[in-house]
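Chemist: Whatever this is, show me its structure:
(one chain, ligands or ions: 1)
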Amino acid sequence: MLEVSLRHDFGSFSVDVDFTAPKGVTALFGASGAGKTTVVNAVAGLFRPAQGRITAEGVTLFDTDKHINLPPRKRRVGYVFQEPRLFPHMSVRSNLLYGARFAPRDATGPDFDAVIGMLGIGALLDRRPGALSGGEKSRVSLGRALLSKPRMLLMDEPLAALDAPRREEILPFLESLRDAGMPVLLVSHSIAEVARLASTVVLLSKGRVIASGPTGEILSDPALAPRFGAGEAGAIITAHTAGRDADGLIRLETAGGPVWVTDAPEAAHLRLRIQASDVILSREAPAGLSALNVLTGTIRRIEEEADGRAFVQIAIGDEAILSRVTLRSVRALGLAPGVACHAIVKSVAVSRDDLAEI
Ligand SMILES: Nc1ncnc2c1ncn2[C@@H]1O[C@H](COP(=O)(O)OP(=O)(O)OP(=O)(O)O)[C@@H](O)[C@H]1O
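Modeler: Predicted coordinates for the structure are as follows:
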């Protein structure tokens, strides 16, 4: 577990944050200038806040009251930057071994062979970074961080510099970090990335934490949805793979009923992201619609927005999804907390990007 509490005043901007990142991936999410990099740099020891306390796995890294400020190399933090900072004159193998030099002898964690196997970089070992693609560089950079056997991993927009295919190449490796035994702090601008990778979300705005908690709860909160961008907001629910139909569609079971998708990872249990703008609501069970996916639930909350629309939260089992509808629809349909409703999602609205292994 990583516990962060820090305060700093830059004059025109101040940071005042307290949050806890359990094991698994914690996403630091917020608009540009919200203070994400400042927080990550403070955890890494690259920035010294005026006041605060940071502990990782029970070890105090920084404590102004106790005058503790471990230097970066003693913090045992693996830092993966947006631009992979590999040594250009060294081979991939030497870059990786450089990371391993910092691993304490008694530290646990995957060894060299396990890391290159996990990241699929065995064939690259004798190349120089200049001869690698962006995605390959990112994988090597992640490998180097892992081989230092860090107490935790910090990733500042590790995918931002990559195009969509390269991003797809890295995402499965980042997903596997969710199950790694250490806390991972991931700075991200992308709600799709957060939905896919994070177990916990810390939402930052203007140097303050405005919400934090399990990803499913934060993403399905209708009051927070505008923060994620009205067009992008959406929640995640658990789905179980139930087989492939004769026409090729894959059937997933959710607490609200079956969902058919055209593509899905090969895994028994998935998290399924449903964007609020892809969901329309009906109080009657719809008939004669070409949209295949109809989830049954109960309205829990409605948050009206200034632009004549609302985010409606629909409880699906003990999870929830969001729908973005006009206030006119809210009134015409008599939508209100406690009302049973059907959430209709086009099957084509759910893409491979919206599914991740649990
Ligand atoms: N050393 C500094 N002196 C003055 N202001 C600073 C300093 N470091 C950061 N800031 C200010 O703190 C604010 C937060 O910066 P930070 O880089 O942490 O934001 P961010 O959320 O990571 O943004 P982005 O997503 O654009 O990277 C910005 O307004 C920045 O100008």
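Chemist: Let me know the pLDDT of D221.
Modeler: We have a pLDDT of 96 for D221.
Chemist: Ok, D179 next?
Modeler: D179 is given a pLDDT of 68.
Chemist: Can you pull the residues of the stretch 1-150 of the chain lying near the ligand?
Modeler: F10, F13, G30, S32, G33, A34, G35, K36, T37, T38 (Cβ under 6 Å from any ligand atom). Quick note: C-beta positions are derived from backbone N, CA and C, even for glycine.
Chemist: Check whether the fourth one sits in a helix, strand or coil.
Modeler: Three-state assignment for S32 (DSSP: H, G, I helix; E, B strand; the rest coil): coil.
Chemist: returning to what we had before: most neighbours among the residues of the stretch 1-150 of the chain next to the ligand, which one?
Modeler: G35 (25 neighbours; other Cβ atoms under 10 Å).
Chemist: Can you report how many residues neighbour the residue lying closest to that one once chain neighbours are set aside?
Modeler: In this structure, G35 finds its nearest non-sequential neighbour in G207, 4.3 Å apart by Cβ to Cβ, 6 or more residues apart in numbering. By other Cβ under 10 Å, the residues close to G207 number 20.
Chemist: Check whether P49 sits in a helix, strand or coil.
Modeler: P49 ends up coil, using three-state DSSP.
Chemist: Tell me, what's the model's pLDDT at it?
Modeler: At P49, pLDDT is 97.
Chemist: Quickly note the distance from it to V80.
Modeler: As judged by Cβ to Cβ, to the nearest Å, P49 and V80 stand 22 Å apart.
Chemist: Quick one: list the elements packing against the lowest-mean-pLDDT helix or strand in the chain.
Modeler: Ranking every helix and strand in the chain by mean pLDDT, DSSP states H and E puts helix 164-177 at the bottom, with a mean of 74. If you count contacts as 3 or more Cβ pairs under 8 Å, 6 or more residues apart in numbering; DSSP states H and E, helix 164-177 packs onto helix 112-119, helix 134-147, helix 191-197.
Chemist: quick one, what contacts the residue most central in space within the chain?
Modeler: With distances taken as Cα atoms, centre = their mean, the residue of the chain nearest its centroid is V194 (2.4 Å). Going by Cβ atoms under 8 Å, 6 or more residues apart in numbering, V194 touches A27, F29, L186, S188, V201, T215, L219.
Chemist: among those residues, which one has the lowest pLDDT?
Modeler: S188 (87).
Chemist: thought that residue was touching G30?
Modeler: No: contact criterion Cβ atoms under 8 Å: S188 and G30 do not qualify, at 9.4 Å.
Chemist: To L355, which of the helices and strands packed on helix 164-177 lies closest?
Modeler: helix 191-197 (8.2 Å; Cβ to Cβ).
Chemist: pLDDT on the closest one, on average?
Modeler: Across helix 191-197, pLDDT averages out at 88.
Chemist: can you tell if that helix touches the ligand?
Modeler: No: in terms of Cβ under 6 Å from any ligand atom, no part of helix 191-197 sits within range of the ligand; the closest distance is 13.3 Å.
Chemist: Against S91, how distant is the nearest residue to R166 once chain neighbours are set aside?
Modeler: Using Cβ to Cβ, 6+ apart and skipping residues adjacent in sequence, the residue nearest R166 is G135, 3.5 Å away. G135 sits at a distance of 18 Å from S91 (criterion: Cβ to Cβ).
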